[in-house]
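> give me the fold of what follows.
(one chain, ligands or ions: 1)
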Amino acid sequence: MSFPPSIKTPRLVLRAHRRTDAPLLKAAIDANLDHLRAFMPWAKKEPSSLQVIEQRIEKFDQRFRADSEWGYLIFSEGEKMLYGGIGVHRSTEKGALSIGFWLGKDWTKQGYATEATIALRDVAMKMPGIDRVQINCDARNTTSAGVARRAGFKHVNTIEKHVFEPGEPPRTTTVWEYPGTRDVAKPKKKGFWARLFGG
Ligand SMILES: CC(C)(COP(=O)(O)OP(=O)(O)OC[C@H]1O[C@@H](n2cnc3c(N)ncnc32)[C@H](O)[C@@H]1OP(=O)(O)O)[C@@H](O)C(=O)NCCC(=O)NCCS
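Model prediction:
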């Protein structure tokens, strides 16, 4: 079982990238540089030439076919408008997949990121060996945390000041999980012997 190349939701179509999407994708990124740069590290290197975007799409396509990473574009019904992108990545943790997303600023505040996340979350949960889906976001990224919360993810961990970028203070990441039944945020209760011997 693998991720389908296209997923329909009540208002959206999530579709794997095609080379012919390059001009549309470039236009969407170039029109949203400041909006994306705040929390998407790749956007700091934009804008890119059309040729670079085409090469990037080729890599997305190779990874999708190799079942190593599944990138989608988020379109309106009938693929009339490109709203943004969403992808599923393998997590460093066993049994987990991770979702990342972005929307063009004109397409925010309508619930599209939440709708796309719920759809991919449900597909991800059906993958063999997967028992949870994660969203990792910069602790200052309140809109991303809002998507996680609305899509049913629970805040399970905060990794303090572990992302280092030149000229910027270290960044803290919040980890959200679906279904969020693992209690990783709270310290484990000490067992009997540890309580007795102070371990
Ligand atoms: C993160 C990002 C996708 C969130 O966008 P968003 O518009 O806040 O999220 P949604 O599309 O789910 O929309 C939710 C908003 O629409 C509102 N909304 C309107 N109709 C809705 C509906 N039918 N269903 C759900 N929400 C709806 C919600 O109330 C919410 O607004 P609020 O935050 O004022 O309460 C966007 O800010 C972005 O692209 N940021 C830059 C990239 C980024 O940071 N990516 C995340 C990296 S982890």
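> in the top helix by length along the chain, what's buried?
Of all the segments of type helix in the chain, defined by DSSP state H, the longest one is helix 50-65. The neighbour-count check on helix 50-65 (16 or more other C-beta atoms under 10 Å) flags 53, 54, 56, 57, 60, 61, 64 as buried. Placement of C-beta: from N, CA and C, glycine included.
> can you check stretch 83-98 too?
Neighbour counts over stretch 83-98 (16+ other C-beta under 10 Å) mark 83, 84, 85, 86, 87, 88, 89, 91, 96, 97, 98 as buried.
> with stretch 35-52 instead?
By neighbour count on 16+ other C-beta under 10 Å, the buried set for stretch 35-52 is 35, 36, 39, 40, 43, 46, 48.
> quick one: which of the residues you listed is nearest to residue 71?
Of all the buried residues of stretch 35-52, the one with the least separation from residue 71 (C-beta to C-beta) is residue 40, at 13.3 Å.
> and the furthest pair within the buried residues of stretch 83-98?
Distance extremes for the buried residues of stretch 83-98: the farthest pair is 83 and 96 at 26.3 Å, using C-beta to C-beta.
> who's in contact with residue 18?
By C-beta atoms under 8 Å, 6 or more residues apart in numbering, the contact list for residue 18 reads 57, 61.
> what pLDDT is listed against it?
Looking at residue 18, its pLDDT reads 98.
> from residue 133, how far off is it?
When distance is defined by C-beta to C-beta, to the nearest Å, residue 18 is 25 Å away from residue 133.
> what residue in this structure comes nearest to the ligand?
Closest residue of the chain to the ligand, C-beta to the nearest ligand atom: residue 111 (2.3 Å).
> list the contacts for that residue?
Contacts of residue 111 (C-beta under 8 Å, 6+ apart): residue 150.
> hmm, try it at 6 Å
Applying C-beta atoms under 6 Å, 6 or more residues apart in numbering, we find residue 111 in contact with no residue.
> again, but for the one 4 residues further on
Under the criterion of C-beta under 6 Å, 6+ apart, the neighbours of residue 115 are 9, 12.
> again, only this time at 7 Å
Neighbouring residues of residue 115 by C-beta atoms under 7 Å, 6 or more residues apart in numbering: 9, 10, 11, 12.
> average pLDDT across the host helix or strand of it?
Remark: residue 115 resides in helix 112-125, with elements defined by DSSP states H and E. Averaged across helix 112-125, pLDDT comes to 98.
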